[in-house]
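**Q** 3D, please:
(one chain, ligands or ions: 4)
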Amino acid sequence: MQSSGVFRSVCSLDCPDQCGLLVHKEDGRIVKVEGDPDHPVTKGNICNKVRHMTERLYDENRLKYPMKRTGRKGDGKFERISWEEAISTITSRWKDLIQTYGPESILPYSFYGNMGNLTAEGMDRRFFNRLGASGLDRTICSVAGSTGYKYTMGGSFGIDPEDTIHSKLFIFWGINAVSTNMHQVALAQKARKQNGAKIIVIDVHKNQTGKLADWFIPILPGTDSALALGMMHILFKDHLIDQDFLEKYTVGWKELREHVKQYDPAKVSEITGVPVEDIYKLARMYGETSPSFIRIGNGPQHHDNGGMFVRTVSCLPAITGQWKVKGGGAIKGNSGYLSHNTVKLQRPDLLKNKATRVINMNLLGDALFSLDPPIQSLYVYGTNPAVVAPEGNKVRKGLEREDLFVVVHDLFLTETAKYADIVLPATSSYENTDFYTSYWHHYIQLQQPVISPFGESKSNVEVFRLLARGMGFNDSAFEETEADMIRQALDHPGNPYLEEIDFEGLVEHHYLKAKVKPLFPGELPTPSGKIELYSSQMKQAGHPPLPTYIPLVEDDAEKHLYQFIPGPNHNFLNSTFSNNEKHITLEKEPRLFMNREDAEIAGILDGEKVLVWNQRGEVVLKASVDENVLPGVVVTQGLWADTVGTQQLVNSLTPDRVADMGGGATFFSGRVSVEKLR
Ligand SMILES: Nc1nc2c(c(=O)[nH]1)N[C@H]1C(S)=C(S)[C@@H](COP(=O)(O)OP(=O)(O)OC[C@H]3O[C@@H](n4cnc5c(=O)[nH]c(N)nc54)[C@H](O)[C@@H]3O)O[C@H]1N2
Ligand SMILES: Nc1nc2c(c(=O)[nH]1)N[C@H]1C(S)=C(S)[C@@H](COP(=O)(O)OP(=O)(O)OC[C@H]3O[C@@H](n4cnc5c(=O)[nH]c(N)nc54)[C@H](O)[C@@H]3O)O[C@H]1N2
Ligand code: SF4
Ligand SMILES: [Mo]
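**A** Numbers count the residues shown, from 1 in each chain. Ligands and ions are numbered 1, 2, ... in the order given. Sure thing, here's the model as predicted:
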């Protein structure tokens, strides 16, 4: 490894943009991270978070060696141990648990803190398959929406974002793209400049993205399906449809045409809070502009009815035939194009056909108390459930269980790690070999180590190798190198888009584009091969087969006045960076945005501290009073670390009800009361 130089890298964070990076190294240390100007999509621009990455990489609190707990769970008192002791403590405890309770008493709990495919869903899957541990259903992020999209379109296939440069109308629907998909915003702004494209933002909060729009449409939370159905009502009534496309490439359009007659704009306006004339204006702009593009965000699918929202909105471009126009259509997620060989990478065969129970990660709190056989050990990596999981107080109470053996592998002593019996230090992505597949653009990228491991830290892949040895597993699957694993994953005849991509190509070029082609003319992976405006699959699963507005679950509405929307913020990535000085300084402090009318009634002044509470818990925030949210709605941003002393563990207030589809999370469907802090 060279001790100085500039090296191509890829951003490992859970962000659709998956930027190409140039990492500058001097005397063995990374001194600067910048965008790679040669990357075809991200073109040298990166966000502020990652521009300040060195502050996180070399933060004085980064974990340097394994530790064992010496204080009470949650206190954060630990002492240094060796890797040998750590691995033997874990594996001997697991061997005992397997003897007494069976392997399903062990629960892996992970998410995409590092999006690398070997790191996040490679060697770990091999290990836990071989162990026969309980399975984890990774539902916390986008599953409700991707399930809804799949009913309509057959899988995670949208348009090529590079084509959106041709779009004349951008609808950012429930996505705070300035913070969460900045290169889609860059494309929209370029299209606005070059061909006068218009940008519409539909959101419950006029945040940075709303402020940049040509037209911001505020909407009441959880009512977006009704708005989309109202648009369809007008599109059919005004004949702003592409009948040829509907006939060739969809099923059920005539049923849909009849069905949407009930969603007349007056009724839709009452549901959504969007004025009747705006519903007409929106539908007509959408029906008359081509190419038009909808970027479907994650926000509205974090509701009780989130699956149906995405299902419904994804029908719009079919009605107007936009899918066949370059730059027309939608993106919810594009991971389908870059799907790799998970059978070879994750080795489900190591389970030997045993059926293990699968636990929905959104129900962690319940799972820690109510299962039989009980969960006796939790192995956490790439996620911080004490902060990010819903019903946080329940989760933290579960983590306090004296008889629960908890291991946390992370770069920092996170809130979750404070409850661990054993803490293991993790390398950053710049210390590993891995491959990355964006869920927005169409490039696969390779990361090779730029620096040596920090302190005694180890990658996920390496730790699972050690754990496998400690358990006495001698399968060759645990001896393979990262390069072997990447080769296996890319060898995937099931995905023709990957045909020309292999490990050697990635070593040479760092990023390679999947061989994508437009969706139409063509066949979709739905049962009919067409866009399913009417879905028999949905009917079988107990959903209305046509897009339908279903109101949110009443979350103690009588008692709590406000719909509570606690989303991510600009300078953190979920809870990542919430413990790094630089990023905290940039973000300043967590606030509660509320409407002036509401604040006046409650006697709350701008800048005052407020208590936000409900049946699940309470948090303290600083009120920010303005007109950027509708009355009855309060918004806060960011998943702040408790260590910062903000009393802002927002997930103390969020419900662990699951969404209508896929067992998804409903972070934004909770209600709260707000009062001046006394
Ligand atoms: N800076 C930054 N970038 C990130 C992240 C981060 O934490 N910080 N997180 C990453 C991850 S894991 C994800 S999943 C994505 C998420 O990124 P996005 O897709 O942008 O999703 P959210 O920010 O959760 O919510 C988007 C918007 O939905 C709005 N919203 C909430 N409820 C409703 C509703 O009912 N209707 C409508 N129309 N709008 C609603 C919120 O006000 C918010 O502006 O971002 C990724 N990128
Ligand atoms: N209230 C509310 N809650 C939410 C959301 C919301 O909008 N509102 N968003 C939800 C969404 S969309 C998501 S995706 C989840 C995300 O939640 P998480 O998946 O928990 O994401 P992070 O909080 O970023 O935590 C990732 C952790 O992984 C660690 N890590 C990074 N790289 C590695 C590695 O290589 N190995 C190991 N072992 N660890 C590593 C990081 O240091 C960090 O502590 O949060 C959800 N929670
Ligand atoms: S977090 Fe997103 S925008 Fe920032 S560098 Fe990484 S991929 Fe790019
Ligand atoms: Mo997410």
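
**Q** can you tell me the SS state at His409?
**A** Of the three states, His409 takes strand under DSSP: H, G, I helix; E, B strand; the rest coil.

**Q** pretty sure it is touching Asn384, no?
**A** No: with contacts defined as C-beta atoms under 8 Å, His409 does not count as touching Asn384, sitting 11.6 Å away. All C-beta atoms are positioned from the backbone trio N, CA, C, and that covers glycine.

**Q** look at those two and report which has more neighbours.
**A** Neighbours per residue (other C-beta atoms under 10 Å) separate His409 from Asn384, with His409 holding more: 27 against 24.

**Q** mind checking how far that one is from ligand 1?
**A** According to C-beta to the nearest ligand atom, to the nearest Å, His409 and ligand 1 sit 19 Å apart.

**Q** try Ala602
**A** For Ala602, the distance to ligand 1 - C-beta to the nearest ligand atom - is 21 Å.

**Q** likewise for Pro108?
**A** Plainly put, Pro108 is 19 Å away from ligand 1 if you go by C-beta to the nearest ligand atom.

**Q** can you verify that residue is assigned to a strand?
**A** Yes: using three-state DSSP, the secondary structure at Pro108 is a strand.

**Q** contacting residues for it?
**A** Counting by C-beta atoms under 8 Å, 6 or more residues apart in numbering, Pro108 touches Asp124, Phe128, Ala133, Ser134, Leu136, Tyr379, Tyr381.

**Q** report how many residues lie close to the nearest residue to Arg8 once chain neighbours are set aside.
**A** Leaving out its chain neighbours, the residue that sits closest to Arg8 by C-beta to C-beta, 6 or more residues apart in numbering is His510, at 4.6 Å. When neighbours are counted by other C-beta under 10 Å, His510 registers 21.

**Q** who's in contact with His510?
**A** Counting by C-beta under 8 Å, 6+ apart, His510 makes contact with Arg8, Val10, Gly20, Gln445, Leu446.

**Q** tell me which of these fall in strands.
**A** Per DSSP state E, strands hold the following members of the contacts of His510: Arg8, Val10, Gly20, Gln445, Leu446.

**Q** roughly how far does the second one sit from Gln2?
**A** When distances are taken as C-beta to C-beta, to the nearest Å, Val10 and Gln2 turn out to be 19 Å apart.

**Q** quick one: which of these two has more around it?
**A** Per other C-beta under 10 Å, whichever of Val10 and Gln2 has more neighbours is Val10, with 28 against 9.

**Q** would you mind naming what in the chain lies close to ligand 1?
**A** Residues of the chain found near ligand 1 (C-beta under 6 Å from any ligand atom) are 14-15, 141-142, 174-176, 179-180, 202-205, 207, 219, 221-222, 224, 297-300, 303, 565, 567-570, 572-574, 635, 668.

**Q** please repeat the previous calculation with a cut-off of 5 Å.
**A** Within the chain, the positions adjacent to ligand 1 are 14-15, 141, 174-176, 179-180, 202-205, 221-222, 224, 297-300, 565, 567-568, 573-574, 668 by C-beta under 5 Å from any ligand atom.

**Q** who does the helix or strand containing Arg192 touch, helix- and strand-wise?
**A** Assigned by DSSP states H and E, Arg192 falls within helix 182-195. Applying 3 or more C-beta pairs under 8 Å, 6 or more residues apart in numbering; DSSP states H and E, one finds that helix 182-195 contacts strand 169-173, helix 177-180, strand 198-203, helix 208-212.
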